[in-house]
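Novice: Below: sequence and its predicted model.
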Amino acid sequence: MKIGVLGAGQLGRMLALSGYQLNHQFGFTAKSNNDPSSLLGVVFNENETDNSAESLINFADVITYESENTDVEIIRNVSKSIKVFPGEKSLFIAQHRVREKSLFSKLNIPCAPYQTVNSLSDLILAVKNIGLPAILKTATDGYDGKGQFIINRDDQINDAWSSMNGVESILEGFVTFKRELSLIAVRGIDNDHRYYPLVENTHHNGILRMTNAPAENIGKEVQETAERYMRSLLDELNHVGVLTIELFETEEGLVANEIAPRVHNSGHWSIEGSITSQFENHVRAITAMPLGDTATLHPFCTMINIIGKVGDVNEVLMMPNAHLHLYNKEEREDRKLGHITITAKSKDEMNSNINQLKQYLPK
């Protein structure tokens, strides 16, 4: 099939790399011919045509997208002419934190207390109701720690609201957690569901730096709870493709943070670490192919993001169990330029390998 991707970043790039082995073709809407996906398919340049989405429709048999910041109106219009997966509802919910939290509440998925904020007076009232510490976030468009302000004291309220620049926001109660986890799942057109193991994520300055898969010391009950939450989301949204839920592990159990209706950074390990990667399973799902096995291939698997600078990749290439992925992106502070996946047979071996790659981890 011909698969159209709205966007041409690294996620589209990895979708194409996994989809070509299944004999699919790819087209992308891109801002420039230097985007990460631009050499991996037909490119419809957004700067050279007034309607690159329409050009993508004429090319494709099915369309997907790689960001929850995709314009819902575009998806709504495109879906009148061609199948789009995931559907409009998944995108509409996931790109707005208030709608997202409301869905968690509807499905009895635990989440932080929250309140919509549209003014300074709203924020003052929300702080009174929720208490401090709390986190003020933009309702839309925030990612990698952007658009957030942690409020610890009442005298920070004015500065917090000023930092939002007047946009619709949400105040969330602070969650005390032991670690951050995520679950990636895929749902096919035929309602088949597959789940990857829970993984543990480490962030620095709001940016994912490392994922360990599977997360250690996860009991069967915890995995099943995460899968139950995910199943209710997949079915409620009638979601087709990969869906990710980020979770906090707390003393009281799992607490949902947010969802992403797409392949996810915390699932990049699955390229080498799982029988079927998240990227291949997304392609399988949206093209009505049977879903692949999500079982892990190695006892220990770690993904390290390459942020800001590429560094000495020869050091990576000399490691027999390290796999390098670069995204064809120019170096820039806090930019995701690639990732490294390490596989190991023991925890000691993994720790030794991670130590060799200290240049890629925050000091």
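Specialist: That came in fine, so what should we check first?

Novice: can you list the domain ranges for the chain.
Specialist: 2-84, 113-173, 179-360 (automatic domain parsing).

Novice: Among those domains, which comes closest to Leu107?
Specialist: The closest of the domains of the chain to Leu107 is domain 179-360. By Cβ to Cβ, the value is 4.6 Å. The C-beta positions use only the backbone N, C-alpha and C, and glycine is treated the same way.

Novice: End to end on the closest one, go ahead and measure it.
Specialist: Domain 179-360 has an end-to-end distance of 21 Å (Cα to Cα, to the nearest Å).

Novice: Throw the domains of the chain into TSV and include mean pLDDT, thanks.
Specialist: Below are the domains of the chain laid out as TSV (pLDDT from 0 to 100):
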stretch	mean pLDDT
domain 2-84	93
domain 113-173	94
domain 179-360	97
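
Novice: Out of those domains, the one nearest Ser90 is which?
Specialist: Of all the domains of the chain, domain 179-360 sits nearest to Ser90, with 4.0 Å by Cβ to Cβ.

Novice: So what pairs up with Gly241 in the strands?
Specialist: Note on Gly241: beta-bridge partners Arg187, judged by DSSP bridges.

Novice: biggest helix in this structure by residues?
Specialist: Determined from DSSP state H, the single longest helix within the chain is helix 220-237.

Novice: Turn the domains of the chain into TSV, including distance to Ser90 and mean neighbour count.
Specialist: As requested, those are exported to TSV (distance: least, Cβ to Cβ, whole Å; neighbours: other Cβ atoms under 10 Å):
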stretch	distance to Ser90	mean neighbour count
domain 2-84	9	19
domain 113-173	15	17
domain 179-360	4	19
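
Novice: Figure out which of those is closest to Phe92.
Specialist: Judged by Cβ to Cβ, the one of those that comes nearest to Phe92 is domain 2-84, at 5.3 Å.

Novice: Can you show me the strands along the stretch 151-300 of the chain?
Specialist: For the stretch 151-300 of the chain, the strands defined by DSSP state E, counting those that start in this stretch cover 169-173, 179-187, 193-195, 199-204, 207-213, 241-250, 253-260, 300-307.

Novice: Distance to His325 added to these, as TSV?
Specialist: Formatted as TSV, the strands of the stretch 151-300 of the chain follow (distance: least, Cβ to Cβ, whole Å):
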stretch	distance to His325
strand 169-173	33
strand 179-187	17
strand 193-195	23
strand 199-204	17
strand 207-213	13
strand 241-250	18
strand 253-260	19
strand 300-307	9
